[in-house]
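Student: generate coordinates for the sequence data below:
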Amino acid sequence: MDKIRVGIIGVGNCASALVQGIQYYKDAEDSDFIPGVMNPNLGGYHIGDIEFSAAFDIDKNKVGKDVSEAIFTSPNNTQKFADVPPLDVKVERGMTHDGLGKYLSDIIQKAPGSTSDVVGILQENQTDVVINFLPVGSEEATKWYVEQILEAGCAFINCIPVFIASERYWQKRFEKKTLPLLGDDIKSQFGATILHRNLVNLYMDRGMPIDKTYQLNTGGNTDFLNMLEKERLDSKKKSKTNAVASQIKARKLDIDPENIYIGPSDYVPWQKDNKICFLRIESRHFGDIPTYIDCRLSVEDSPNSAGIVIDAIRCCKLALNHGLTGSLEAPSSYFMKTPPRQYTDTKAKELTENFIQKYGKKKNKA
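Tutor: As a prediction, the model looks like this:
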């Protein structure tokens, strides 16, 4: 059983939940139902087969530390649920570009020194897959890192709403390098988007139109603080809105743009990494009689995505083993808000299970 070597861009709350989760579940039994884990074993790879090879950040309080220490360094504020031993992986000085916004710069000071040799570090440490956990709105920084990843010869998972895997330009770049990528914008295990999509589909399955709907989210982590800067919010709103609107359009129906609002709404410091979603759908049932539903969902934001990332990592490794290139359409449709092609979640799950069955560990690429 070979390992999966993973590099991380951005050692924030999402990275903390992922690293903790690998430690927490590394000895889980394949045959057990484990709360919070969809696939203890995926295609022949156990959660414990994932190990970390590199990490990059710009925060002076994190750069130079072992990843096991950096993930618990402020301003990270997600819950601690696992003790992580030293990993012998140092956080390297990354590239800033537009990765540090107006509000984050009030609480994060850039580490001194020049940007590390990202390509050299990824290659030297035999990195298979690189995960993008940069702040929302880091358009130029993401594209800079993608160039380094292509040169280093790694697979790429884009967990933020900068459109890479869903854009033909980048798909062709990865195809040319014979590398897979998966994206864009991680869809949490049970979060606001997955709940909203499924409620919308339930309404339409029962013959009821979506007249108006909103999804309002509040939280107290650095992601919500960063998104107070409205200029950085555009891609996030597009990604979340399309994730829901696509389900309506798939039924040959439509909704007026003024009647659908989905997006982060405000930063509430004391919530820390807890996210609260307020969701409303207005519709009509028999006789055009109005009906509506109001929901309130509370989740710990970063752990809610970590299990999905664990599955995405292993799908990327299967793709590497079999020489698959470009965007991985099936896993992206299940794990991401803005994949190359939108499906219902039921169909996306079926396609992903077929992908795993087809490319599970049988014959590795020479």
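
Student: quick one, strands of the stretch 251-366 of the chain?
Tutor: Under the criterion DSSP state E, counting those that start in this stretch, the stretch 251-366 of the chain contains strands at 260-267, 274-285, 289-300, 326-327.

Student: let's have these in a markdown table, adding mean neighbour count and distance to residue 214.
Tutor: Where C-beta positions appear, they are placed from N, C-alpha and C, glycine not excepted. Shown next, in a markdown table, are the strands of the stretch 251-366 of the chain (neighbours: other C-beta atoms under 10 Å; distance: least, C-beta to C-beta, whole Å):
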| stretch | mean neighbour count | distance to residue 214 |
| --- | --- | --- |
| strand 260-267 | 18 | 4 |
| strand 274-285 | 18 | 5 |
| strand 289-300 | 12 | 10 |
| strand 326-327 | 24 | 30 |
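
Student: is it possible to get TSV of these that adds distance to residue 27?
Tutor: As requested, these are arranged in TSV below (distance: least, C-beta to C-beta, whole Å):
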stretch	distance to residue 27
strand 260-267	36
strand 274-285	28
strand 289-300	23
strand 326-327	33
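
Student: which among those is found nearest to residue 21?
Tutor: Closest of those to residue 21 is strand 289-300, at 11.9 Å (criterion: C-beta to C-beta).

Student: returning to that earlier point: what's the least confident stretch among the strands of the stretch 251-366 of the chain?
Tutor: Mean pLDDT values for the strands of the stretch 251-366 of the chain show the minimum at strand 260-267, a mean of 90.

Student: which elements pack onto that one?
Tutor: Packing partners of strand 260-267 (3 or more C-beta pairs under 8 Å, 6 or more residues apart in numbering; DSSP states H and E): strand 212-219, helix 222-226, helix 234-249.

Student: sheet-wise, list the partners of that strand with their directions.
Tutor: Here strand 260-267 is paired, per DSSP bridges, with strand 212-219 (parallel).

Student: quick one, the worst-scoring helix or strand of the chain on mean pLDDT and helix 234-249 angle?
Tutor: Sorting the helices and strands of the chain by mean pLDDT, DSSP states H and E puts strand 260-267 at the bottom, at a mean of 90. Orientation note: strand 260-267 sits at an angle of 150 degrees relative to helix 234-249 (axes from the mean of the first three to the mean of the last three C-alpha atoms, to 10 degrees).

Student: who's in contact with strand 260-267?
Tutor: Strand 260-267 has contacts (C-beta atoms under 8 Å, 6 or more residues apart in numbering) with 196, 210, 212-220, 223-225, 227-228, 233, 236-237, 240-241, 243-245.

Student: circling back to that earlier point, for residue 178, find the nearest of the strands of the stretch 251-366 of the chain.
Tutor: Per C-beta to C-beta, nearest to residue 178 of the strands of the stretch 251-366 of the chain: strand 326-327, 9.1 Å.

Student: which strands and helices sit next to that closest one?
Tutor: Helices and strands touching strand 326-327, by 3+ C-beta pairs under 8 Å, 6+ apart, are helix 168-176, strand 180-182.

Student: partners of the shortest one in the sheet?
Tutor: Pointing back at strand 180-182 there. Strand 180-182 is paired, per DSSP bridges, with strand 155-158 (parallel), strand 326-327 (parallel).

Student: tally up the residues packed near residue 146, please.
Tutor: 21 (other C-beta atoms under 10 Å).

Student: contacting residues around it?
Tutor: Residue 146 neighbours (C-beta under 8 Å, 6+ apart): 156, 164, 170, 173.

Student: excluding chain neighbours, what is closest to the first one?
Tutor: Going back to what we said before, that points to residue 156. residue 181 (4.3 Å; C-beta to C-beta, 6 or more residues apart in numbering).

Student: my read is that that neighbour contacts residue 167, right?
Tutor: No - at 10.4 Å, residue 181 and residue 167 do not qualify as touching, with contact defined as C-beta atoms under 8 Å.

Student: who has more neighbours, those two?
Tutor: residue 181 (31 against 16).

Student: residues touching the more buried one, list them.
Tutor: Residue 181 neighbours (C-beta under 8 Å, 6+ apart): 155-158, 164-165, 170-171, 174, 316, 326-328.

Student: quick one, which of the strands of the stretch 251-366 of the chain is nearest to residue 355?
Tutor: Closest approach to residue 355 among the strands of the stretch 251-366 of the chain is made by strand 326-327 (12.5 Å; C-beta to C-beta).

Student: let me know the distance separating residue 66 from residue 32.
Tutor: The gap separating residue 66 from residue 32 is 31 Å, by C-beta to C-beta, to the nearest Å.

Student: who has more neighbours, those two?
Tutor: More crowded of residue 66 and residue 32, by other C-beta under 10 Å: residue 66, with 16 against 9.

Student: hang on, the earlier thing: save the strands paired with strand 180-182 as JSON lines, and put in distance to residue 127 too.
Tutor: Listed next are the strands paired with strand 180-182 as JSON lines, based on distance: least, C-beta to C-beta, whole Å:
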{"stretch": "strand 155-158", "distance to residue 127": "9"}
{"stretch": "strand 326-327", "distance to residue 127": "19"}
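
Student: ok, which of the helices and strands packed on strand 326-327 comes nearest residue 271?
Tutor: Among these, strand 180-182 sits nearest to residue 271 (C-beta to C-beta), with 29.3 Å.

Student: just checking, next helix/strand downstream of that closest one?
Tutor: Per DSSP states H and E, the first helix or strand lying C-terminal to strand 180-182 is helix 192-205.

Student: hmm, back to that, among the helices and strands packed on strand 260-267, which is the most enclosed?
Tutor: The highest mean neighbour count among these, using mean count of other C-beta atoms under 10 Å, belongs to helix 222-226: a mean of 23.
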